[in-house]
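Asks: Task: produce atomic coordinates for the following.
(one chain, ligands or ions: 2)
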Amino acid sequence: MLINLVTGGAGFVGSHLIDRLMEAGEEVICLDNYFTGRKKNISQWMGHPRFELIRHDVTDPIRLECDRIWHLACPASPVHYQFNPIKTSKTSFLGTYNMLGLARRVGARLLLASTSEVYGDPEVHPQPESYRGCVNTIGIRSCYDEGKRIAETLCFDYQRMHEVEIRVMRIFNTYGPRMLPDDGRVVSNFIVQALKGEPLTLYGDGSQTRSFCFVDDLVEGMIRLMNGSHTGPMNIGNPGEFTIRQLAELIRNNVNPQLPLIEKPLPADDPLQRQPVIDLARQELGWEPTISLEQGLEPTIDWFRKVLGLQPGGSAEVSS
Ligand code: NAD
Ligand code: UDP
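Replies: Ligands and ions are numbered 1, 2, ... in the order given. Alright, predicted model coming up:
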């Protein structure tokens, strides 16, 4: 039986991946330092004979036996990765370096959870994998964007120098149950604001775009990439493109159409547009998303209702 090491396994995406691996009868080691992950995301597997949990920081080396390394450990929300940007750079570089070292030692295949942020504020739209990006090296997002870029570089150098088997996945904005209510990302912010009866906060005028992938679709693409023969880099995301204002209207209309949208200052280096070209994933993995934004928002809103202790279908009164 294959032994899977999932770094960042107690986080949002990692815990959904673990569910899929456990349900498929595989063995899973979840490794996390709980910076943004929560034990309750994986509590359903605690005590299971095929599941182990290790509290560890990937910036320190670790020795263990495994066949597959799913390397997700890294904060993903701008609020979290900007909280301690030097630590974010360390996590991206040293964390990936340590996991590649482990992969080399034990002959494991490593999948890196990279990001659409490697394209920065793109001048090419939509973004194919061949686009090399437009990234600020010294801005407030650089610790994450440049961190993931060097992590990709390390993967390909370990492949060239040491024949480590790598898979590099560029994840576009993903949402779904188990996002943290206070993680600052746009989907969680808007849903929590709407459920609390608060105005929805558009940064800038809300004309910037993003493409939102439901987590179940993303995990399916991730598993296919790991099991296939293409190293990547490969975009995995939903090509449906929405302005942030459209997203706010969709969520508001779902929860409470009376709520106002208010504008707040746009953070520095906020990318204006983002949409994946997924031809490579279609061709190599036979993968494309199956869940529309409207469909995916439903279980996500239900999840936040539960987290906030609201009744099914309920939301708070409009607060002024
Ligand atoms: P998340 O913050 O929910 O999960 C990250 C996990 O990594 C958490 O459990 C956290 O505690 C853990 N972690 C952070 N630093 C660590 C360290 N030094 N040592 C050990 N564990 C550490 O974020 P997510 O949305 O689940 O993202 C997972 C991965 O996917 C990340 O690598 C992220 O960069 C990438 N990604 C996510 C998105 C998205 O929209 N969710 C988009 C692009 C890329
Ligand atoms: N955003 C917003 N209001 C919020 C949170 C985010 O308008 O309350 C915007 C943000 O400025 C960005 C987009 O939504 O343009 C996506 O932000 P997120 O932090 O989710 O992800 P990223 O910028 O990394 O794609």
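
Asks: got the CA coordinates for stretch 73-86 in CSV?
Replies: C-alpha atoms of stretch 73-86 as CSV (Å, rounded to 0.1, in the frame of the first residue of the first chain):
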residue,chain,number,x,y,z
ALA,A,73,2.4,23.4,3.8
CYS,A,74,2.3,27.2,3.4
PRO,A,75,-0.2,29.8,4.4
ALA,A,76,-2.3,30.7,1.4
SER,A,77,-4.4,33.7,2.4
PRO,A,78,-2.8,37.2,1.9
VAL,A,79,-3.6,38.1,5.5
HIS,A,80,-1.9,35.0,6.8
TYR,A,81,1.2,35.0,4.5
GLN,A,82,1.7,38.7,5.2
PHE,A,83,1.5,38.2,9.0
ASN,A,84,5.1,37.0,9.1
PRO,A,85,6.5,37.4,5.6
ILE,A,86,10.0,36.3,6.4
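
Asks: and it, how far from the chain's centre?
Replies: With Cα atoms, centre = their mean, to the nearest Å as the basis, stretch 73-86 stands 12 Å off its chain's centre.

Asks: That one near ligand 1 anywhere?
Replies: Yes. With Cβ under 6 Å from any ligand atom as the threshold, stretch 73-86 lies in contact with ligand 1, specifically through A73, C74, P75, A76. Where C-beta positions appear, they are placed from N, C-alpha and C, glycine not excepted.

Asks: all strands of this structure, in order?
Replies: With DSSP state E applied, the chain shows strands at 3-7, 27-32, 51-55, 68-71, 109-115, 166-171, 174-175, 200-203, 209-211, 213-214, 234-236, 241-243, 261-264, listed in chain order.

Asks: Ok, which of the ones you listed comes nearest P276?
Replies: With respect to P276, and counting by Cβ to Cβ, the nearest of these is strand 234-236 at 4.0 Å.

Asks: Which other helices and strands does that closest one contact?
Replies: Contact analysis of strand 234-236 by 3 or more Cβ pairs under 8 Å, 6 or more residues apart in numbering; DSSP states H and E lists strand 166-171, helix 215-227, helix 279-285 as its packing neighbours.

Asks: how many neighbours does E263 have?
Replies: Using other Cβ atoms under 10 Å, the number of residues around E263 comes to 13.

Asks: likewise E65?
Replies: Here the number of neighbours of E65 (other Cβ under 10 Å) works out to 11.

Asks: number of nearby residues for the closest residue to it other than its chain neighbours?
Replies: With Cβ to Cβ, 6 or more residues apart in numbering as the criterion, E65 has its nearest non-adjacent residue at 5.9 Å, and that residue is V106. Neighbour count for V106, taken as other Cβ under 10 Å: 15.

Asks: which bits of this protein sit near ligand 1?
Replies: Contacts of the chain with ligand 1, taken as Cβ under 6 Å from any ligand atom, map to 7-8, 10-14, 32-37, 57-59, 72-76, 91, 95, 113, 115, 171, 173-174.

Asks: Mark which of these are part of helices, please.
Replies: In this view, those that belong to helices under DSSP state H are F12, V13, G14.

Asks: between those residues, which is nearest E123?
Replies: Each of those was checked against E123 using Cβ to Cβ; the closest is V13, at 28.1 Å.

Asks: how about the nearest residue to whatever residue of the stretch 1-150 of the chain ends up closest to ligand 2, chain neighbours excluded?
Replies: The shortest separation between the stretch 1-150 of the chain and ligand 2 is 4.7 Å, found at P78 (distances taken as Cβ to the nearest ligand atom). Residue nearest to P78 in three dimensions, not counting chain neighbours: G184, with 6.3 Å by Cβ to Cβ, 6+ apart.

Asks: check contacts around that neighbour.
Replies: If a contact means Cβ atoms under 8 Å, 6 or more residues apart in numbering, then G184 has S77, P78, V79, H80 as its contacts.

Asks: pretty sure the last one is touching T36, no?
Replies: In this case it means H80. Yes. At 5.2 Å, H80 and T36 qualify as touching, with contact defined as Cβ atoms under 8 Å.

Asks: what sits in contact with each of these two?
Replies: Listed as contacting both H80 and T36 by Cβ under 8 Å, 6+ apart are D183.

Asks: Could you report the distance from the residue nearest to P78 to G204?
Replies: Distance from G184 to G204, counting by Cβ to Cβ, to the nearest Å: 15 Å.
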